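Engineer: Starting from these lines, generate the structure:
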Amino acid sequence: MSECRTYRGRIAPTPSGQLHIGHARTFHIAHERARSAAGKLVLRIEDLDSARCKDEYSRQMMADLEWLGIRWDEGPDRCGAFGPYVQSLRIEHYLKAWKRLEEAGVIYPSPHSRKDVELALSAPHEGEGEPVFPVELRPATARRADAPSGMNWRFRVPDGESVRFVDECAGEQEFVAGKDFGDFLVWRKDGWPSYELAVVVDDAEMQISEVVRGADLLLSTARQLLLYKALGWTAPRFFHCPLVRDAEGRRLAKRSAGLSVAKLREEGFSSEKVLALANTRMG
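Structural biologist: Residues are numbered from 1 along each chain as shown. Okay, the predicted model is just below:
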């Protein structure tokens, strides 16, 4: 993919619940960075989890974004040069990338479940309890295939290789493949790409020049940089915002209903007060 000279940012909510104040702050930062660079802002609906994603949440999210003063130039209801963007409508793009990775021999089918990984002898763990895929469960050779065919597929990480990048907010970052993260999913047996593959394909094809998102995805960036390299694409810059937390110091989730944008709107908060509240909860 060619590098885009014009600033292009994106906001990419998952419609599996209501936006909370952490989303509001991150999306507001993305909006402000795009505007300050006189660039474009893309809205993408990341709805690949069909069991949890609902159209009603998508509609609520767009209404909340509008109320917060966040405007996008391309995406649902903004038919720009590339829009609209809804991940569940882009399966052919992800399949092309899967095939490219398969032909390069850097991915392989993996029948092992999360439980298999957790039970594997001496399997180390990464942040938030996610197990690092044990090398003993990795096949010695890649099996050729014409399609994913209802199987999990994993990216074979270059063990011991350092993945370094400078985050525009968090500074210098370094993760070691095989230590901080192991072979990761690029395709799920339910017929959809993983988050890692889908966002790389979308950000590359939509010519996103900077990705603004939460600091909980710093490790994901290391995985995604390996995918960009394998696919021969130029990676965007990254800006990972500090997380917004609840009164007990826990990171917010969509089940944090009391801090949802919709709930606060109902209680009479202005958009300015919602963003101010988010700024007091950073950690």
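Engineer: elements contacting the host helix or strand of residue 25?
Structural biologist: Element membership of residue 25 [criterion: DSSP states H and E] is helix 21-36. Here helix 21-36 touches strand 8-11, strand 40-43, strand 210-214, strand 237-241, helix 261-266, helix 271-280, going by 3 or more C-beta pairs under 8 Å, 6 or more residues apart in numbering; DSSP states H and E. From N, CA and C alone the C-beta is placed, and that goes for glycine too.
Engineer: ok, residue 93 - contacts?
Structural biologist: Residue 93 sits next to 201, 202, 205 when contact means C-beta atoms under 8 Å, 6 or more residues apart in numbering.
Engineer: out of those residues, which are inside helices?
Structural biologist: Under the assignment DSSP state H, the contacts of residue 93 contribute 201, 202, 205 to helices.
Engineer: Who wins on neighbours among those residues?
Structural biologist: Within those, most neighbours by other C-beta atoms under 10 Å means residue 201, with 24 neighbours.
Engineer: so that residue sits right up against residue 99, yeah?
Structural biologist: No: applying C-beta atoms under 8 Å as the test, residue 201 and residue 99 come out as separate, 11.8 Å apart.
Engineer: Please enumerate the shared neighbours of the two.
Structural biologist: Here residue 201 and residue 99 have no joint contacts, going by C-beta under 8 Å, 6+ apart.
Engineer: quick one on the thing from earlier: from the ones in helices among the contacts of residue 93, which single one is nearest residue 275?
Structural biologist: Comparing those against residue 275 with C-beta to C-beta places residue 202 closest, at 26.5 Å.
Engineer: Flag the shaky bits of the protein, pLDDT-wise.
Structural biologist: Within the chain, the stretches with pLDDT under 70 are 1-4, 118, 120-130, 247-258, 282-283.
Engineer: could the ones in helices among the contacts of residue 93 go into a markdown table alongside distance to residue 273?
Structural biologist: Output for those, formatted as a markdown table (distance: C-beta to C-beta, whole Å):
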| residue | distance to residue 273 |
| --- | --- |
| 201 | 38 |
| 202 | 33 |
| 205 | 37 |
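Engineer: Between the residues you listed, which sits nearest residue 277?
Structural biologist: residue 202 (30.5 Å).
Engineer: what's the nearest residue to the closest one if we skip its chain neighbours?
Structural biologist: Nearest residue to residue 202, sequence neighbours excluded (C-beta to C-beta, 6 or more residues apart in numbering): residue 44, at 6.1 Å.
Engineer: now do residue 100
Structural biologist: The spatially closest residue to residue 100, leaving aside those adjacent along the chain, is residue 231, at 6.0 Å (C-beta to C-beta, 6+ apart).
Engineer: Outline the domain layout of the chain.
Structural biologist: 1-89+243-283, 90-206 (automatic domain parsing).
Engineer: Reformat these as CSV; add distance to residue 236.
Structural biologist: CSV is the format used below for the domains of the chain (distance: least, C-beta to C-beta, whole Å):
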stretch, distance to residue 236
domain 1-89+243-283, 8
domain 90-206, 6
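Engineer: what about the ones you listed, which gets the closest to residue 225?
Structural biologist: Closest among those, using C-beta to C-beta: domain 90-206, at 5.5 Å.
Engineer: Might you calculate how far the helix holding residue 25 sits from the centre of the chain?
Structural biologist: Centre-to-centre, helix 21-36 and its host chain are 16 Å apart (C-alpha atoms, centre = their mean, to the nearest Å).
Engineer: Go through it and flag the buried ones.
Structural biologist: Going by neighbour count (16 or more other C-beta atoms under 10 Å), the buried part of helix 21-36 is 21-31, 33-34.
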